[in-house]
Structure formats: structure tokens, C-alpha cells
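Enquirer: Sequence and predicted structure, then a few things I'm wondering about:
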Amino acid sequence: MESKSSYLNQKHKDLGAKMVLFGGWEMPLSYPIGTIKEHLACRNDAVVFDVSHLGTVRLESDTAYEVLQRSFTNDLGKISPGRAQYTHHLDNQGFVVDDIIVWWVDETRFDVMPNASNVSSVIGSIGGIEVTHLRSVLAIQGPNARTLLAKCFPQAASVERFHTKRMDFQGYEVVVAGTGYTGEDGVEIAVPNEIVDELFEAILSVGITPAGLGARDTLRLEAGLVLHGHELGPGITPYQANLGWVVALNKPDFIGKQALLNELKTGPARKLVGIKGESRAPMRSEMEVISNGEFIGTTTSGNYSPVLGHGIAMAFLPPDIEIDTQVTLRGAGREMQGAVCKLPFVKKHG
């Protein structure tokens with residue numbers, strides 16, 4: 001299958017970005033300063049990510065609200081137009097097909113944001129029209145994100161956490177949401193492709209650092225944020241991933257509800273926890289977790305934490321596992337020591 005590319009593809013290459021395939025898209029992994037410096041720039045200042053590879057499915061009808069209520073786990077009744085909500089799309093067994101952000105743009109319009117590889121399955125469930133190809137998405141994240149963005153696009157900088165708003169940029173309508181995937185404050189801007197180059201340049205001009213998907217992954221890992229295909233996917237329920245708060249059991253039937261009710265009767269068979277390493281060596285996914293000589297689980301994500309200065313990982317382990325339990329990780333010809341810990345690894349500031 002031919003890969004897709006962002007409208008900013010050439011701009012990224014001109015900036016010296018290392019490009020990789022991600023979800024069928026050629027996207028920047030890192031820029032010349034490197035992933036660790038990009039990561040720390042997000043934790044301490046502000047960065048901009050091109051996340052145009054994420055999907056957008058638009059529902060715009062009088063029945064859109066009811067369709068989403070039946071299809072997803074969270075309750076739109078908790079919010080209102082002009083807000084955003086994190087939710088899950090399940091199968092009938094209660095396993096997470098995808099995790100999604102819904103932008104409730106106005107009374108009858110919803111922009112549903114699935115992961116890049118799951119657009120077709122989401123459309124198959126809720127209908128709607130894919131508009132991914134009509135827009136780009138820029139995520140401005142970090143403690144100084146709003147202050148710096150206000151210098152070039154003050155309206156966008158004023159959008160509050162988990163709110164959405166339509167506005168004008170150089171004569172084009174853009175949609176801004178106070179969302180992100182780093183554990184830091186910031187906004188994400190869906191902008192028509194015709195004007196994304198100008199907006200990207202304006203963002204860079206006020207001192208916001210471009211960052212690649214490598215830093216976005218280490219940031220979300222430090223913040224204990226799950227990634228589809230790792231901490232979510234076939235065989236994984238929201239409760240196992242510590243995300244029961246996105247399940248609204250008080251609303252009428254939705255896909256997978258009965259399976260979740262059944263799971264609650266006995267309790268989840270495993271739970272997602274953190275593992276902190278004893279050295280700077282990065283932990284990796286799919287490493288065996290050993291405790292007292294016995295295999296107890298497998299890591300789902302792992303890397304080096306630039307903030308903490310040691311390896312970190314997430315893993316599904318027995319539900320009765322205790323914090324500070326000493327474990328050994330084995331995989332790819334390596335063995336390293338660690339201890340079970342609570343998530344997140346780094347406090348979320350967003």
C-alpha cells in the first residue's frame with residue numbers, strides 16, 4: 001500500500017527531520033536536536049507536533065448524538081457543544097477496538113478522532129464522512145505553549161482544556177481543541193491544508209520547537225498515557241487498562257456494555273502498572289516480567305525517561321501485585337532489574 005504524507009512533509013525534510021512510516025503515513029520521528037531535547041523542550045517550554053496522520057470522521061446530523069451514545073463507552077450527556085471527550089470504541093466482548101477523542105464542535109456536528117489505522121472500523125460502526133485528507137492537525141504542547149502561541153494566534157491559545165472552538169485564521173475556518181497526548185497543557189488545531197504551511201511557520205516564528213513522534217511517544221509513556229496496539233487492543237478491556245472512568249454504565253446499552261458488566265462481577269484478570277528501572281538502559285515492549293522466578297506478565301511499552309534518567313515500562317500484571325515488588329525484565333538478549341510502581345511516572349501538568 002502506498003504511504004500517505006502530511007502537507008508539511010517537505011517542510012519537515014527542510015528542517016532536517018528523520019522521517020519514518022507511522023500508521024501508513026510518512027511522519028517526522030525527530031529533528032536534528034534529537035528526541036531527548038525535544039522531549040525536555042515539551043516538559044519545560046513548548047513544542048509543536050504534526051499529528052495529521054490521526055483520523056477525523058465527521059458526523060453532522062440530528063441523530064449524531066444518539067449514534068455516538070450507542071457506539072462509544074463514555075457519556076456525551078456529561079458535556080455539551082463546544083467540549084471534547086475521551087472515549088472508547090469496544091467490540092461485543094468488551095475489548096478496546098480504539099480509543100478516541102470526540103470534538104463536539106456544535107449542536108449537530110461531531111469530529112471523531114480515531115487512531116490512524118482504525119478509521120475504517122470506526123466508520124463501519126458510526127457512519128460519517130472521513131475528512132482526514134482535507135485538514136492537517138498541529139499539536140502545541142508544554143507549560144509555555146499558550147503563552148507563546150498567543151503571540152501569533154491568541155484566539156487559539158485561549159481555548160480551555162477539553163473545550164473546542166471554531167475560529168478564523170487568515171480567512172480560513174480552523175477548529176481548536178484543548179487536548180493533547182503529552183501530559184502537558186496545550187491545544188490541537190485542525191487547519192485546512194491550504195493554510196497549514198503559514199500556520200506552522202507562524203508557530204515556529206514565536207520560538208516553539210518542532211518535535212517528532214519519537215518525543216511524543218516518550219512523553220505519553222512518562223505521563224502513563226496508553227497507546228492503542230500496546231496498552232489497548234484485542235483482549236484488553238478499559239478496566240484492565242485502569243480506564244474504567246471512560247465507561248458510563250448508567251447510560252442505555254452501548255457496544256460491549258454487557259461484557260464489561262460480566263467482567264465487573266469477578267474483577268479484571270490483570271491490571272496495568274508501571275515498572276521503574278535501576279539503570280539508564282531503556283526498557284522495551286514485549287519483555288517478560290519475572291517475579292520470584294515466575295513469569296507474571298509482559299511489558300506493553302518501554303523506553304528511557306529523559307526526566308527521571310532511567311528506564312521505564314508499562315505492563316499488565318496480576319491484579320494483586322504490590323507496589324515496589326522487585327521484578328526482572330528479560331527480552332532481546334537482555335536482562336534488567338526494576339520495581340513495580342504507580343502510574344504516571346511523571347506528574348501530568350495538563
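Expert: Noted; the coordinates are in hand. Residues are numbered from 1 along each chain as shown.
Enquirer: Excluding covalently adjacent residues, which one is nearest to V307?
Expert: V346 (5.1 Å; C-beta to C-beta, 6 or more residues apart in numbering). Every residue, glycine included, has its C-beta placed from N, CA and C.
Enquirer: right, and that neighbour touches L308 too?
Expert: Yes: the pair formed by V346 and L308 meets the contact definition of C-beta atoms under 8 Å, at 6.9 Å.
Enquirer: what's near enough to touch the residue positioned nearest the centre of the chain?
Expert: Centre of the chain computed as the mean C-alpha position; nearest residue by C-alpha atoms, centre = their mean is Y181, 4.5 Å away. When contacts are counted by C-beta atoms under 8 Å, 6 or more residues apart in numbering, Y181 touches V51, A139, R216, L219, R220, L225.
Enquirer: What of V187?
Expert: Under the criterion of C-beta under 8 Å, 6+ apart, the neighbours of V187 are 139-140, 145-146, 149, 156-157, 159, 176-180.
Enquirer: Check F295 too.
Expert: The contact partners of F295, taken as C-beta under 8 Å, 6+ apart, are E288, V289.
Enquirer: what sits opposite it in the beta ladder?
Expert: I290 (DSSP bridges).
Enquirer: separation between it and G331?
Expert: Relative to G331, F295 is positioned 12 Å away (criterion: C-beta to C-beta, to the nearest Å).
Enquirer: Need the overlap of contacts for these two.
Expert: E288.
Enquirer: quick one: D217 and L227 touch, right?
Expert: Yes: under the criterion of C-beta under 8 Å, D217 lies in contact with L227, with a separation of 7.3 Å.
Enquirer: sorry, back to before: who wins on neighbours among the contacts of Y181?
Expert: Neighbour tally across the contacts of Y181 (other C-beta atoms under 10 Å): the maximum, 30 neighbours, falls on L219.
Enquirer: how about that one, secondary structure?
Expert: At L219, secondary structure determined by DSSP: H, G, I helix; E, B strand; the rest coil is helix.
Enquirer: Sketch out the low-pLDDT regions of the stretch 251-350 of the chain for me.
Expert: Along the stretch 251-350 of the chain, the model assigns pLDDT under 70 to residues 349-350.
Enquirer: now do the chain
Expert: Confidence mapping of the chain against pLDDT under 70 gives the ranges 1, 349-350.
Enquirer: In it, mark out all the helices, start to finish.
Expert: Ranges of helices within the chain are 9-14, 35-44, 64-71, 119-126, 145-149, 154-157, 193-205, 213-222, 257-266, based on DSSP state H.
Enquirer: which non-adjacent residue is nearest G94?
Expert: Across the structure, with C-beta to C-beta, 6+ apart as the measure, the residue nearest G94 apart from its sequence neighbours is A259 (3.2 Å).
Enquirer: residues near that neighbour, how many?
Expert: A259 sits with 16 neighbouring residues when counted by other C-beta under 10 Å.
Enquirer: ditto for the one 4 residues further on
Expert: As a burial measure, the neighbour count of E263 was computed by other C-beta under 10 Å and equals 19.
Enquirer: domain parsing for the protein?
Expert: As assigned by automatic domain parsing, the chain contains the domains 4-53+132-222, 57-127+239-268, 270-350.
Enquirer: okay, how far is it across the second one, tip to tip?
Expert: Domain 57-127+239-268 has its terminal residues 32 Å apart, counting by C-alpha to C-alpha, to the nearest Å.
Enquirer: and if you look at stretch 226-243?
Expert: The stretch stretch 226-243 measures 9 Å between its terminal residues, going by C-alpha to C-alpha.
Enquirer: what comes into contact with that stretch?
Expert: 73, 88, 90, 94-96, 98-99, 115, 117-118, 217, 220, 244, 246-247, 259-260, 263-264, 268-272, 285, 300-301, 314, 316, 343.
Enquirer: The same query, at a cut-off of 7 Å, please.
Expert: Residues from elsewhere that reach stretch 226-243, judged by C-beta atoms under 7 Å, 6 or more residues apart in numbering: 73, 88, 94-96, 98-99, 115, 220, 244, 246-247, 260, 263, 268, 270-272, 285, 300-301, 314, 316.
Enquirer: Out of those residues, list just those in strands.
Expert: When these are checked against strands (DSSP state E), the matches are H88, V96, D98, D99, K271, L272, T300, S301, M314, F316.
Enquirer: Number of residues surrounding the fourth one?
Expert: Look at D99: counted by other C-beta under 10 Å, it has 26 neighbours.
Enquirer: what bridges to it?
Expert: Judged by DSSP bridges, the bridge partners of D99 are H88.
Enquirer: Distance check, W25 against V119.
Expert: 12 Å.
Enquirer: Revised request: answer the last question for K13.
Expert: Using C-beta to C-beta, K13 is found at 26 Å from V119.
Enquirer: How far does stretch 264-275 sit from its chain's centre?
Expert: A distance of 21 Å separates the centroid of the chain from that of stretch 264-275, by C-alpha atoms, centre = their mean, to the nearest Å.
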